Every structure is written in structure tokens, then in C-alpha cells.
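S.K.: predicted model, plus sequence, below.
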Amino acid sequence: MIWASIIIPMGVGLFLGYTLRRSMFNHKAVWRNWLASISLLLVTVPPLVGVFFLPQPWQDYTLSGLFILCSALLWLYIITSPRRKKRAGSLLWNLGWPGTHKTLLSIGIIWIMIALLQTSIVLDLAEKEFAESYNRPEYYISQIIFYWSTVIYFLWAGLSRLELRENGIYFKFGFIEWKKIAAYKWKEKEGNILTVWIKQRFPLFPTASWEIPGIYKATIDRMLSQHLSGRLRKY
């Protein structure tokens, strides 16, 4: 059960992550960001697998700590959203509800089903006072906290709007400053998809893309040229 509770959501996350990136990025960027995800997994998965070789109760303590830590990070990102919005400056244009955010909302709905299933399992075990369980109650409680925190995060992110602000492109789960954009490209054949190349210290997820309504294309193009004039490469 402990394997299923982690491996199944991880598998679902990989599949949905690929689907999400298909909606966010153009074809080349999909594979570039997908390879970045694989690299990240190669770094994080081995230590996670090592946790399963720990003796009890240390295995449960470690996993409980990881669940609580991940939940805290998700809530921290939600709580600090107003600070990022303030740093983004005044609103210039509301670009609507892009396909990326709709995909996030869909992921949130799928996570609701996963969380409900796991919650029902935990409640059944609780009625039996966890007598039939190999794991400690703390493990299940922290797991439920993590699952529902993930649900809330995806619903919160999925219902957000894409905004063009004074200091960059803002969305609730991220903010790309003008100064961090190295280049950009429009792909009009697939519905005015804007792809930006981001300057960052570590080469993880170097691009981001959104489908922009056609009526905003000229405005965004002008804003990018204005803010990034002299150092921008346009592909």
C-alpha cells in the first residue's frame, strides 16, 4: 500500500505533466522541458527509493516528514502569491484563461478522485484503529494532508488568469520578469502560441509557452520589443 500511495500518483503526475507541457510548449520545447523533468527525477527518485529500505518506524517518520514538507511548500507558494503579484507591478492587460490553466484545473479534478480514494482507505483503517496496517497513523495523516494540499494547489492554479503586468508576465503559480526573458517566438499556425526563453542559473524548464488570444498579439509583441530592446533575440 505504501508503494502504491507514492508510485501511482508519481506515474499519474508524469503522464499529466507531459500532457500539460504539450499544451504549454511548442514541439521542440516539449522535449527540452521533458528531458529537464527526467533529469530532476533521476536526482530525486534514488533517495526516495532509499527511504523504503529504512527500518520501521524510521521509514514512516521520514515519509511523513516528506509529505508535510511538500504540503508546506505548496501552501507557502499559495500564501506568497500576493507578494509576487505586487512585485509584478500594475496590471496592463488581462490575457484570459489559457489552455495551460485549464489543464491544471483538469489535473486538480483528477487529484480530487485520488485524494477521495485514499481518504476513504484511511478512514476505513482508522475505524479498525489501524490494527491491520503495517504503517503508523502519522504516516496516513501526513499523506492525506499532502494529497488535499495538492488538490487545492492545482485548483487554485487552474482557476487563475494570465496577466501582462508592468514588470513581466504574471500567473498565480509563477512570474516571469522582463529582464529574465532572453528570446521569444510566435507560432501562429497553432493558435498564436507565445514561447519565451528564460535566463536562469540552472537549465531546468528553460522555456514557457501560452496560447494568446489574437487580439492581444500586437500589444504583447510591442511590450516585449519595448522592454527588451537591444538585448532580445526574436526567433
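M.R.: That came through fine.
S.K.: so how far is Ile79 from Ala208?
M.R.: Applying CB to CB, to the nearest Å, the value for Ala208 to Ile79 is 23 Å. Where you see a C-beta, it was placed from the backbone N, CA and C, and this is true even at glycine.
S.K.: now Gly99
M.R.: Note on Gly99: its distance to Ile79, by CB to CB, is 27 Å.
S.K.: would you mind telling me which of those two has more residues around it?
M.R.: The residue with more neighbours, out of Gly99 and Ile79, is Gly99; 16 against 9, by other CB atoms under 10 Å.
S.K.: would you agree the more buried one is in contact with Glu211?
M.R.: Yes - shown here, Gly99 and Glu211 form a contact pair, counting by CB atoms under 8 Å, at 5.2 Å.
S.K.: please compute how far the top helix by length along the chain lies from its chain's middle.
M.R.: In terms of residue count, the longest helix belonging to the chain (DSSP state H) is helix 99-127. Put simply, helix 99-127 sits 16 Å off its chain's centre (CA atoms, centre = their mean, to the nearest Å).
S.K.: quick one: residues in contact with the helix or strand immediately after it in the chain.
M.R.: Next along the chain after helix 99-127, taking DSSP states H and E as the criterion, comes helix 137-158. Applying CB atoms under 8 Å, 6 or more residues apart in numbering, the contact partners of helix 137-158 are 2, 5, 9, 60-61, 63-65, 67-68, 70-71, 74-75, 77-78, 101-108, 111-112, 114-115, 118-119, 122, 125-126, 130, 133, 171-173.
S.K.: all helices for the protein, in order.
M.R.: Under DSSP H, the chain gives helices at 2-24, 27-51, 58-79, 81-88, 99-127, 137-158, 217-227.
S.K.: by mean pLDDT, show me the worst of those.
M.R.: Averaging pLDDT over each of those singles out helix 2-24 as the lowest, with a mean of 49.
S.K.: excluding chain neighbours, what is closest to Thr119?
M.R.: In this structure, Thr119 finds its nearest non-sequential neighbour in Ile144, 5.7 Å apart by CB to CB, 6 or more residues apart in numbering.
S.K.: re earlier: in terms of secondary structure, what does the longest helix of the chain contact?
M.R.: Using 3 or more CB pairs under 8 Å, 6 or more residues apart in numbering; DSSP states H and E as the contact criterion, the elements in contact with helix 99-127 are helix 2-24, helix 137-158, strand 207-211.
S.K.: centre of the chain to the last one, how far?
M.R.: Which is strand 207-211. Distance of strand 207-211 from its chain centroid, counting by CA atoms, centre = their mean, is 14 Å.
S.K.: what helices and strands are in contact with that strand?
M.R.: helix 2-24, helix 27-51, helix 99-127, strand 193-198.
S.K.: got the CA positions of it in PDB?
M.R.: C-alpha atoms of strand 207-211 as PDB (Å, rounded to 0.1, in the frame of the first residue of the first chain):
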ATOM      1  CA  THR A 207      11.100  27.800 -21.900                       C
ATOM      2  CA  ALA A 208       7.400  28.600 -21.200                       C
ATOM      3  CA  SER A 209       4.600  29.000 -23.700                       C
ATOM      4  CA  TRP A 210       1.000  30.100 -23.700                       C
ATOM      5  CA  GLU A 211      -1.800  30.400 -26.300                       C
END
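S.K.: thanks again, I'm all set now.
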